[in-house]
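**Student:** Give me a model of this one.
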Amino acid sequence: MNKTRILKEYFGHSAFRGGQEELVDGILSGHDVLGVMPTGAGKSVCYQVPALMLDGMTIVVSPLISLMKDQVSALRQSGINAGYINSSLDAGQSRAVYRAAYSGEIKILYAAPERLLTDGFLNLCTQVKIPLVTVDEAHCISQWGQDFRPSYLRIAEFIKTLPERPVTAAFTATATEQVRNDIKELLGLKKTIEITKGFDRKNLYFSVQKPKSKYDSLVELLDKTPDRCTIIYCLTRKTVEDVCRKLNINGFKATRYHAGLSDAERRKNQDDFIFDRKNIMVATNAFGMGIDKSNVGLVVHYNMPKNMESYYQEAGRAGRDGSDAECVLFYSGQDVRTNRFLIDNTDDNPELTREQRREIRRLDIERLDKMTGYCLYTRCFRRYILGYFGDMAPENCGNCSNCLADFETVDMTVEAQKILSCVYRLKQRGIGFGKNSLIDVLRGSQNAKLAKYDLSDLSTYGIMSDDSAENIGDIIDSLIGRGYLKQTGEYMILDTTETSPALVRGKIKFMFKKRKPKAEVRARSNVYDVDYTLFSQLKALRSEIAKRERTAAYIIFSDAALRDMCRKMPTTIEEFLEVAGVGKLKAKKYGTEFTECIRDYIKLYIIILRSF
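**Tutor:** Okay, the predicted model is just below:
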C-alpha cells in the first residue's frame, strides 16, 4: 500500500499538508529527519504513515502519559494496532503489551524515555525489528530549551544498543536555532532532512487584555459561548484553585489540574475534560503537553507565562483541528514580578552545574523580557510571535486584537524623549524606579516616597504634569514593548537600552498607536461558518457514540470533520468518504448513523421550506 492510500484509508485525508510529504519521503528513503512544525500541523502523520509501510515495529518516545493514551486511542479508532509502555500500566497490563509486541501485533509502540534502558524494554527491542525511532517533543533534549528533561539524553544511548541502527525522526512545535542544533547533535542524527514549517497558525486569534478585574473579564469572555471547550492557564496552584472555585459557584462546568493534586484526582479531572464532562480546565502549565484534544476553542492565559515558547505551545492547544479559535492573555505587572520570583527560586534539575544554572537563568530572564514585550506591543501580535521564531509576517494579520482594534497613529516622540530623559537623569543620581514611581516623578507628585529623594531640582521632575497617569503608563508600556526601555531586578526597575539614545537624540520618531475613545475591537467572523443547527445535531450524535464506546468525542471525529459534513452534507457512504478526516474504517463504523442524521435534517429542512 502506498503512502497516499494509507493517508486516505487510515487518516481520512486526500493529500498531505505542507512539509508532511517531504518528511515521510525522507524517512522512507532512510534519512534521519527533523520536523519543526506548529501545533496542529500534523506532525504525527509524518511518522505514522511510514511506520505502517516499514517492516517491523516503530518506537515513539513520548514525554507524557496523556499524550500516549490520546495517540494510541486515536490510532486504534483508525484501525491501526498500537500500544504504549509507561508507569500507568500495572504488571499484568505491561505483560500483555509486551506479548503483543513480541508476536508482531503492535505496529507502533509508544514509550516513556525512562523506560528505554530498562531490561525488559531492551530485551524486546533486540528481538523485534525496529526500523524507526521517533522522538516527539524533541526540544526536551536541549538544556537551552524551555522544557529540558534529562531522561531525553538516554535516547541516543538506547538507539546505540539496537542490533541495527534505525532511522531516527525528531519532531517539535517550538525550537530556536540553538535548540534545533542541540536536537541534531544529541540524538546523533545523520543525513538529516530538516523541515521547518512556518510557525503561523492562521486560524488562531490573538488578544492581550489589561483588565482591572481579570476574573470579571474571564466571565465576560466565557459567557459569549458557555459551551466552548476552554483551557485557562494560571501561574500558581493558588490561582488555579481560586478561579476554578469561583467558576463553579457561577455555574460553569470547570475542573482543575496542578501538581499539588493527587495522581488519582489529576487523572479524574483530566478525563472529565477529555470526555467533555467538564468543558473548562483551569490549570498550571503542568497540564496540556501532548494533550491531543482537537476541539479546544479558547485558551486563556490568566497570567502571563515566562517565555514565548511556553505561551505559543500552550496557546497552540486551541484549534488543533483547524477550526477558528481564540487565544487571550490577561496581563498585569504583577505577573512579571511573579515570573521573576519563580525563575530565581526554582531549580528543577539538580544535575546541572553552577555555571549551567547561571546561564539558564540568564536565558530565562531574556525570554521573560521578550514575553513582556509581547504583552506591551501595540502592533500586530502575530508578527511579534513569528518574528520571535524567525518567521516573516505581514504588518497587519487581520486576526489579532491590535490589528482589528480602532487605533489612531500619533507622533509621541517628544513624550517618549521626556520619559527616557527622566530615566537617564535619575540614573545619574544613582536612583532607579519602577513604572508607577517614574510616572509620579514625571507628573511632579508630592508623595512621601519621592519626598525623601529631594527631586525638586531634577530637570524632568513634573515635566509631564499635564498628562494623565494612564497615558504616560501606556507610552512607557509601548517603550518597553518596542525595546527602548527594559525592566530589571526584583522590583522591575526601569532602565534604558542600547536603542534609547537614537530616540532621545531625535534620530528616529516614536509613532504611538492610540486607541480611539470608546473604540471597540471590530467584529470577527462567526466561529460557526456552517449551519449551526446541523452542526449541533452532529455533535450530539458524536457524543452519544463516544459515550457508548467510552472514548473521547473528538477521537470519533474532530469538530473540523463535523463542519465539513455540514458543508458537503453526505447522504451515502461513498459521499461520506469524501469528508476530510473520514477514513475507510470510520466510514464503515459510523457512516450509516451520520448520513441518516444528515438525511433526516435535509427532509426536515425541505418540509419547513414547503410550509412557507
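
**Student:** and the longest helix seen in the chain, how far out from the chain's middle?
**Tutor:** Longest helix in the chain, counting residues (DSSP state H): helix 584-610. Centroid separation between helix 584-610 and its chain, computed with Cα atoms, centre = their mean, to the nearest Å, is 35 Å.

**Student:** what do you get for stretch 174-184?
**Tutor:** With Cα atoms, centre = their mean as the basis, stretch 174-184 stands 18 Å off its chain's centre.

**Student:** what residues are up against residue 283?
**Tutor:** By Cβ atoms under 8 Å, 6 or more residues apart in numbering, residue 283 lies in contact with 231, 232, 233, 234, 240, 256, 257, 258. Any C-beta I mention is one placed from the backbone N, CA and C, and that applies to glycine too.

**Student:** Distance to residue 272 added to these, as JSON lines?
**Tutor:** Supplementary listing: these in JSON lines, determined by distance: Cβ to Cβ, whole Å:
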{"residue": "231", "distance to residue 272": "13"}
{"residue": "232", "distance to residue 272": "15"}
{"residue": "233", "distance to residue 272": "18"}
{"residue": "234", "distance to residue 272": "18"}
{"residue": "240", "distance to residue 272": "15"}
{"residue": "256", "distance to residue 272": "10"}
{"residue": "257", "distance to residue 272": "10"}
{"residue": "258", "distance to residue 272": "15"}
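
**Student:** Only the buried residues of the longest helix of the chain, if you could.
**Tutor:** Using 16 or more other Cβ atoms under 10 Å as the test for burial, helix 584-610 gives 584, 585, 586, 587, 590, 591, 594, 595, 597, 598, 601.

**Student:** Also stretch 382-400?
**Tutor:** Under the neighbour-count criterion of 16+ other Cβ under 10 Å, stretch 382-400 has 382, 383, 384, 385, 386, 388, 389, 391, 393, 397, 399, 400 buried.

**Student:** Residue 293: how many residues sit nearby?
**Tutor:** Residues near residue 293, counting by other Cβ atoms under 10 Å, number 24.

**Student:** Next one: it from residue 48, what distance?
**Tutor:** Applying Cβ to Cβ, to the nearest Å, the value for residue 293 to residue 48 is 18 Å.

**Student:** do the same with residue 68
**Tutor:** 13 Å.

**Student:** Now do the helix or strand of the chain with the lowest mean pLDDT: which elements does it pack against?
**Tutor:** When the helices and strands of the chain are scored by mean pLDDT, DSSP states H and E, strand 511-515 comes last with a mean of 75. Counting contacts by 3 or more Cβ pairs under 8 Å, 6 or more residues apart in numbering; DSSP states H and E, strand 511-515 packs against strand 407-411, helix 413-428, helix 469-481.

**Student:** Pop the domain breakdown of the chain in here.
**Tutor:** 3-196, 204-356+378-404, 407-515, 532-610 (automatic domain parsing).

**Student:** that older thread, would you reformat the buried residues of helix 584-610 as JSON lines and include distance to residue 90?
**Tutor:** Formatted as JSON lines, the buried residues of helix 584-610 follow (distance: Cβ to Cβ, whole Å):
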{"residue": "584", "distance to residue 90": "34"}
{"residue": "585", "distance to residue 90": "29"}
{"residue": "586", "distance to residue 90": "31"}
{"residue": "587", "distance to residue 90": "36"}
{"residue": "590", "distance to residue 90": "32"}
{"residue": "591", "distance to residue 90": "37"}
{"residue": "594", "distance to residue 90": "37"}
{"residue": "595", "distance to residue 90": "41"}
{"residue": "597", "distance to residue 90": "40"}
{"residue": "598", "distance to residue 90": "43"}
{"residue": "601", "distance to residue 90": "46"}
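
**Student:** if we can go back for a sec, what's the closest of the contacts of residue 283 to residue 72?
**Tutor:** Closest approach to residue 72 among these (Cβ to Cβ): residue 257, at 21.0 Å.

**Student:** For the closest one, grab the count of nearby residues.
**Tutor:** Based on other Cβ under 10 Å, the number of other residues close to residue 257 is 23.

**Student:** Would you list the phi and psi of it?
**Tutor:** phi -160, psi 120 (degrees, to the nearest 10).

**Student:** any idea how far residue 241 is from it?
**Tutor:** Taking Cβ to Cβ, one finds residue 257 at 11 Å from residue 241.

**Student:** Sketch out the low-pLDDT regions of the stretch 51-200 of the chain for me.
**Tutor:** The stretch 51-200 of the chain contains residues with pLDDT under 70 at 144-146.

**Student:** can you check the stretch 201-350 of the chain too?
**Tutor:** Within the stretch 201-350 of the chain, the stretches with pLDDT under 70 are 288-292, 347-350.

**Student:** Next: the stretch 501-612 of the chain.
**Tutor:** Along the stretch 501-612 of the chain, the parts satisfying pLDDT under 70 run over 515-529, 606-612.

**Student:** Recalculate using a threshold of 50.
**Tutor:** 518-523, 525-526 (pLDDT under 50).

**Student:** ok so, going back, note down every partner strand of the least confident helix or strand of the chain and its orientation.
**Tutor:** Strands that pair with strand 511-515, judged by DSSP bridges, come out as strand 407-411 (antiparallel).

**Student:** Could you pull out the buried residues of the strand it pairs with?
**Tutor:** When burial is assessed from 16+ other Cβ under 10 Å, strand 407-411 yields the following buried residues: residue 407.

**Student:** Now residue 399, what are its backbone angles?
**Tutor:** Per degrees, to the nearest 10, the backbone of residue 399 is at phi -150, psi 40.

**Student:** if I look at it, how far off is residue 314?
**Tutor:** In terms of Cβ to Cβ, residue 399 sits 18 Å off from residue 314.
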